[in-house]
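A.B. asks: the sequence isn't on hand, but the structure is:
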């Protein structure tokens, strides 16, 4: 179907990859704990929108360029690293505030910013493009490798499963985030902690190598 092989095996492998803690998981958890479930959900949507972007890249063959070009890989890598470090510094320098839970949950602008952060962080991670380039073809029939349809189907499936999992994570962190918002000192500590995590993530991306 759609030129896809062993779709059931793909689902199992995808679930294993998604639930294995990685950069996207840390990103969503940070947002959920420090800012609440809405921020976590918007971040999860952004991260998986990034998955769809990488899916389109893979379908159009652009991921091959990143895989084969050290320059292209480096440009995307350092842009992604710089953005993560920027998010970390911004979080560390943020000032303590009094929070209103009802107000936070209704701020669409905040939701858009969290979505955008998740999207950019994922899109500018060249490791994701390389992962898709090596993972997806294993489940595509040889005669369908030149078609974009199987890649799109696999990518949407991956994104949907990822969205469900990350939203569950965000919702499960809601209790912690509510307690944090009730205590400005804890919120200040979490801002600094999450900021350091983002910076470390950025450093990790910056030192990733094309293999």
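C.D. replies: Ah, there it is. Here the structure is a predicted model, which means the values were calculated and not measured.

A.B. asks: and the next helix or strand past the worst-scoring helix or strand of the chain on mean pLDDT?
C.D. replies: Here the helix or strand of the chain ranked lowest by mean pLDDT, DSSP states H and E is helix 101-105, holding a mean of 40. Next helix or strand after helix 101-105 toward the C-terminus (DSSP states H and E): helix 108-123.

A.B. asks: and that following helix, what does it pack onto?
C.D. replies: Here helix 108-123 touches helix 23-35, helix 37-60, helix 70-92, going by 3 or more Cβ pairs under 8 Å, 6 or more residues apart in numbering; DSSP states H and E. (Glycine included, C-beta is placed from N, CA and C.)

A.B. asks: what sits closest to the residue in the chain sticking out farthest from the centre if chain neighbours are left out?
C.D. replies: Going by Cα atoms, centre = their mean, the residue of the chain most distant from its centre is residue 143, 31.5 Å out. Closest residue in space to residue 143, ignoring its immediate chain neighbours: residue 3 at 7.2 Å, by Cβ to Cβ, 6 or more residues apart in numbering.

A.B. asks: isn't that neighbour right up against residue 149?
C.D. replies: Yes - at 6.3 Å, residue 3 counts as touching residue 149 under the criterion of Cβ atoms under 8 Å.

A.B. asks: ok, the two, which is more surrounded?
C.D. replies: Counted by other Cβ atoms under 10 Å, residue 3 and residue 149 do not tie: residue 3 has more neighbours, with 18 against 13.

A.B. asks: follow-up on the earlier one: what would the helices and strands packed on helix 108-123 look like in a markdown table with mean pLDDT?
C.D. replies: Output for the helices and strands packed on helix 108-123, formatted as a markdown table (pLDDT from 0 to 100):
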| stretch | mean pLDDT |
| --- | --- |
| helix 23-35 | 83 |
| helix 37-60 | 90 |
| helix 70-92 | 75 |
